[in-house]
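**Student:** next one to model:
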Amino acid sequence: MRNLLEQIQAALEANLYYVGLMVTLTVPDICGAIGSDTGVARHWKYVQWFDKYLAARYSSGSGQVITGEDCYAFRCSLLHQGTSQSPKSRYGRVFFVEPRDSRATMHCNVHNDALNIDLRIFCEDIIAGAMQWLDEVEGTPTFERNYNKFMRRYPNGLAPFVVGFPVIG
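**Tutor:** Residues are numbered from 1 along each chain as shown. Below is the predicted model:
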């Protein structure tokens, strides 16, 4: 899991923003599944995980800017339809501002019915939430049982199938 989070960070550093964002949006699903008795991802687990580990970062004096439901709607629309416009969203459109050298940050602003999010901040917030979650659940029986099925990188192969070179499986 930590390797996946490191690769998201590497994608951001390499300016691979589509890759970083799309993989980031799967993290609450993965965490929700690994942390559950069934080991299966569900809508409500995604929402519950996001609201527990990230909601505080996305609230303001005027309310919750991004909820687990909002993030899930965006996740579904981006990963399944390739769009940032979900009929299930409170926002007509969600757009992400790519990192730039300027010190000005555009994050969690609503313009008309469009929500803008700083891409790097969003991805790093989810990474931080996942690291907090890992610190809480690693070593528990549920985590260990489900994590044994998690797709991961094996730098020296996966015996008895492949030995001597890296595989993901």
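**Student:** and residue 75, what is it in contact with?
**Tutor:** Contact criterion CB atoms under 8 Å, 6 or more residues apart in numbering gives 25-26, 28-29, 46 as the residues in contact with residue 75. Backbone N, C-alpha and C define where each C-beta goes, glycine included.
**Student:** next up, phi/psi of it, please.
**Tutor:** Residue 75 has phi and psi values of phi -50, psi -50 when expressed as degrees, to the nearest 10.
**Student:** can you check residue 30 too?
**Tutor:** The phi/psi pair for residue 30 (degrees, to the nearest 10) reads phi -60, psi -50.
**Student:** wait, isn't residue 17 in contact with residue 119?
**Tutor:** Yes: in this structure residue 17 lies within contact range of residue 119 using CB atoms under 8 Å: 5.7 Å.
**Student:** same drill for the two, tell me which one is more crowded.
**Tutor:** Between residue 17 and residue 119, counting by other CB atoms under 10 Å, residue 119 is the more crowded of the two (20 against 16).
**Student:** quick check: that one touching residue 98?
**Tutor:** Yes: using CB under 8 Å, residue 119 and residue 98 qualify as a contacting pair, with a distance of 5.6 Å.
**Student:** give me the common contacts of these two.
**Tutor:** Residues touching both residue 119 and residue 98 (CB under 8 Å, 6+ apart): residue 17.
**Student:** what mean pLDDT would you report for stretch 131-150?
**Tutor:** For stretch 131-150, the mean pLDDT works out to 94.
**Student:** quick one: contacts of that stretch?
**Tutor:** Contact partners of stretch 131-150, identified using CB under 8 Å, 6+ apart, comprise 1-2, 5, 30-31, 33-37, 39, 49, 53.
**Student:** would you list the phi and psi of the residue nearest to residue 77 when sequence neighbours are not counted?
**Tutor:** Distances taken as CB to CB, 6 or more residues apart in numbering put residue 86 closest to residue 77, at 3.7 Å, once the chain neighbours are dropped. Note on residue 86: its backbone torsions stand at phi -110, psi 130 [degrees, to the nearest 10].
**Student:** got a list of what residue 86 touches?
**Tutor:** For residue 86, the set of contacting residues under the criterion of CB under 8 Å, 6+ apart consists of 73-74, 76-77.
**Student:** among these, which are in helices?
**Tutor:** Secondary structure of those is defined by DSSP state H; positions in helices are 73-74, 76.
**Student:** top of those by number of neighbours, please.
**Tutor:** The most neighbours, when those are compared by other CB under 10 Å, belong to residue 74, which has 25 neighbours.
**Student:** gap between that one and residue 88?
**Tutor:** The spacing between residue 74 and residue 88, counted by CB to CB, to the nearest Å, is 9 Å.
**Student:** great, nothing more from me.
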